[in-house]
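Novice: turn this into a structure:
(2 chains)
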2 protein chains.
Amino acid sequence: MPSINPARVLADLNRLRDFGRFKTGVHRPSLSAEHNAACHWFAGRMAEAGLETNIDGIGNVYGVAPGAARRLLTGSHLESQNQAGWLDGPLGVVYGLEAARVINRDPAFAGRAVDVAVWFDEEGHFGNFLGSRSFVDGLADADIDAGVDRTDGRPLRDALGRAGLAGKPRRRVTPAEYIGYLEAHIEQGDWLEAHGLKLGIVTSIVGIWQFRITFAGTQNHAGTTRMAIRRDAGLSCAELCCAIARRFPQVAAERTVWTTGRITLDPGAPSIIPGRAEMLLQVRDADLAVLQRMEGELASLVAASNRAGPCHATLESLRKSYPAVMDATFQAALEAASEAAAPGVHTRMPSGAGHDAQILSKVMPAGMLFVPSIGGISHHWTENTADDDIVTGAQAFATACAALLS
Amino acid sequence: MPSINPARVLADLNRLRDFGRFKTGVHRPSLSAEHNAACHWFAGRMAEAGLETNIDGIGNVYGVAPGAARRLLTGSHLESQNQAGWLDGPLGVVYGLEAARVINRDPAFAGRAVDVAVWFDEEGHFGNFLGSRSFVDGLADADIDAGVDRTDGRPLRDALGRAGLAGKPRRRVTPAEYIGYLEAHIEQGDWLEAHGLKLGIVTSIVGIWQFRITFAGTQNHAGTTRMAIRRDAGLSCAELCCAIARRFPQVAAERTVWTTGRITLDPGAPSIIPGRAEMLLQVRDADLAVLQRMEGELASLVAASNRAGPCHATLESLRKSYPAVMDATFQAALEAASEAAAPGVHTRMPSGAGHDAQILSKVMPAGMLFVPSIGGISHHWTENTADDDIVTGAQAFATACAALLS
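Specialist: Got it, this is the predicted structure:
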């Protein structure tokens, strides 16, 4: 069993925190100067570990061990959400690098190696999983043409050009190159912490189904329009939110989650009855049948809203990503490694967040390992994980890599 | 009884529609080029009618009959809401001008006269009733310094300067100058139309009480945060909206209205549980006791929301304008004039919208006359009133002016 170097893992993670430091977290959007610098620094660390490094035309950073016949791919990402946490992404690439360090030069693993990939834009500043999709299924050029930074509107092509990546080819995997893909990540929820656990072996990554419900009412004067004749789109929207909150718990599975993250009333003025309202509802579950059941319930609630009136609600499906099941062999390897690193304090669990592993799982066996998030917080600069837990995870990850390559 | 000239009234109103024409309505925000041009054109029409005209330092346009001892003030406004109706404001100033035309030069009214005022910014682009407040209670210079256009952020001082009004004195009324103030306006609601009526005699102008309710929850990841531990500020906000919709009808008076015109979820992203939400609630009634009762109910609902949890709601009062009762003598004069112009098809009614008459009523007797709004529509370019109804209103208005001056 390879032994990782705890101080080296923590030092690399802390060094990465310097790129775009924001309070105790980082602000490192995709293709920002700080993100580009982090990628170049990390490429240098991979080169020091004996990996051949390359950044391709979509900004993926690869570290490839020369000459190995049997390879395991590891990876995660280096950009962050805006003003967010220091471990969301970096944890996985540093674990991969550490596994490569301790395995690739070990004579016992001759001819076998860990490669490392830094996937571009897992956090979705310019699109959806652009880096891993480019690697797996050859993302269309048109998708890159269409990409704009959701914060500042900068076109993806311009940002790639300024990073020196214009015209570079994009690497596309031949699945036979790898025995599979292993990714580590912070949990981002509080399941591990709340249950006193140190490691999570991901069974599947949730599907995310996103809907827009639009309410058409009648815009009118808030002072002169009698209550009896109003068609207040905002009120209809609020009532559907409440109906969902009453009904969904009755039909959801244990870990189903749903969120109304945005409500917009139009025109949004205090003296005008909203003539139009819109809400974005997202449902996540690791079981396709549950997602289908929830969608059916949502359609029923929208139909009931329309029967009740007075506004008309329209339900649209905006996005459906399907649950991604992790490979059974990879789950077993992670579980055995977890038992070795943290006896009795690990569990199998679904991932409520999306990860590049769901994209890689389309073409090769994939697995994921979680470490606890303090207070379940993520996508916020206070996101954190105890140093001891980071080290335990790094050891379990390297052990699982070694086992899968054996 | 003076006879108005129907063609002249309609021609003036249609000429005003040319300033900032938008579809069948107008886009004529306060101190826009179109609004300034409309004010200058109207000043010219007042001069033709023998009134001495002046535009003061806040942009109020005055037409004063020379030499009269007993005076009635009339008025309304010439700016519009953005992309709104052609009669909201202009109707009242043209009625005032027409009454001045037919009364001031009539030897039977020697020594008595109708004056006309165009109040600045009744529509609130830069503040609240800035023009009439300046006239009545001498609006502080600091309020003008603080004014910015709510659409484009242009400072009021800059806009006044560009209109050539910088440094001009502001006229402040001595209440004894006038026997009172009379204003005509489109109803902006559908009460008259729905009841087959042609004229409304305003009994009082509603008080408007505006509240902000802020919900503090916990922002977190929409995929990894279990439903059981969420503190979703958006959901708490929606639930309060629904609680208001259930409870308020049980305690409201016949014409009480309330509106949630704006809801904001923060950060407003589909994958993030809102950590903060805000709603603006406005309540209007012509009876102070009703407003106080509604505020008490709102406080109870917010307290109930806080007892239920999991988010904390804070109720703030943003604005309280008090109901303004119209003068009994003015109501009687308008009712008699309405019976003469439209026998049997008029009613006494409160005004659900705010008007400059509520400001003038603080210092002198005031009255208001309403004409029907087709479909109850206002603050939209489709706002309209039948020509016949416009003419009927103009006649009733002039008759009431004459009666009050007798």
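Novice: C-alpha from now on. contacts and neighbour counts both.
Specialist: OK.
Novice: give the burial count for the closest residue to chain B within the stretch 301-406 of chain A, as a bare number.
Specialist: Closest to chain B within the stretch 301-406 of chain A is A:Gly352: 4.4 Å, counting by Cα to the nearest Cα. A:Gly352: 27 surrounding residues under other Cα atoms under 10 Å in any protein chain shown.
Novice: enumerate the residues of the stretch 301-406 of chain A near chain B.
Specialist: A:Ser351, A:Gly352, A:Ala353, A:Gly376, A:Ile377, A:Ser378, A:His379, A:His380 (Cα under 8 Å from any Cα of the partner chain).
Novice: that older thread, just list the residues touching the residue of the stretch 301-406 of chain A closest to chain B, thanks.
Specialist: A:Ile205, A:Val206, A:Arg284, A:Asp285, A:Ala286, B:Gly223, B:Thr224, B:Thr225 (Cα atoms under 8 Å, 6 or more residues apart in numbering or on different chains).
Novice: please apply the same query to A:Trp191.
Specialist: Here A:Trp191 is in contact with A:Pro372, A:Gly376 (criterion: Cα under 8 Å, 6+ apart).
Novice: what backbone torsions are found at it?
Specialist: Phi and psi for A:Trp191, reported as degrees, to the nearest 10, are phi -60, psi -50.
Novice: mean confidence score for the helix or strand hosting A:Arg262?
Specialist: Following DSSP states H and E, the helix or strand that holds A:Arg262 is strand A:257-266. The pLDDT scores in strand A:257-266 average 97.
Novice: go on, stretch A:327-336?
Specialist: 98.
Novice: how about residues contacting it?
Specialist: Outside stretch A:327-336, the residues that reach it (Cα under 8 Å, 6+ apart) are A:182, A:201-203, A:346-348, A:365-369, A:396-397, A:400, A:403-404.
Novice: top of the residues of the stretch 301-406 of chain A next to chain B by number of neighbours, please.
Specialist: Neighbour-wise, these (other Cα under 10 Å) top out at A:Ser351, 29 neighbours.
Novice: spatially nearest residue to it, not counting backbone neighbours?
Specialist: In this structure, A:Ser351 finds its nearest non-sequential neighbour in A:Ile205, 4.6 Å apart by Cα to Cα, 6 or more residues apart in numbering or on different chains.
Novice: what backbone torsions are found at the one you found?
Specialist: According to degrees, to the nearest 10, A:Ile205 has phi -100, psi 130.
Novice: A:Ile153 falls within a helix, correct?
Specialist: That one is not Ile; residue A:153 is Gly. No. Counting by DSSP: H, G, I helix; E, B strand; the rest coil, A:Gly153 is located in no helix; its state is coil.
Novice: how near is it to A:Phe126?
Specialist: 9 Å (Cα to Cα, to the nearest Å).
Novice: and those two? which has more neighbours close in?
Specialist: A:Phe126 (25 against 11).
Novice: next, that one: phi, psi?
Specialist: Torsion angles, degrees, to the nearest 10, at A:Phe126: phi -110, psi -10.
Novice: now for it: which residues touch it?
Specialist: Contacts of A:Phe126 (Cα under 8 Å, 6+ apart): A:Ser30, A:Gly147, A:Val148, A:Asp149, A:Arg150, A:Leu156.
Novice: who wins on neighbours among these?
Specialist: Result: A:Ser30 is most packed of the contacts of A:Phe126 (other Cα under 10 Å), 27 neighbours.
Novice: which SS class is that residue?
Specialist: Assignment for A:Ser30 (three-state DSSP): coil.
Novice: does A:Ala238 touch B:Cys242 like I think?
Specialist: Yes. The pair A:Ala238 / B:Cys242 is scored as a contact, 6.6 Å apart, by Cα atoms under 8 Å.
Novice: who's more crowded, these two?
Specialist: A:Ala238 (23 against 19).
Novice: much appreciated, bye for now.
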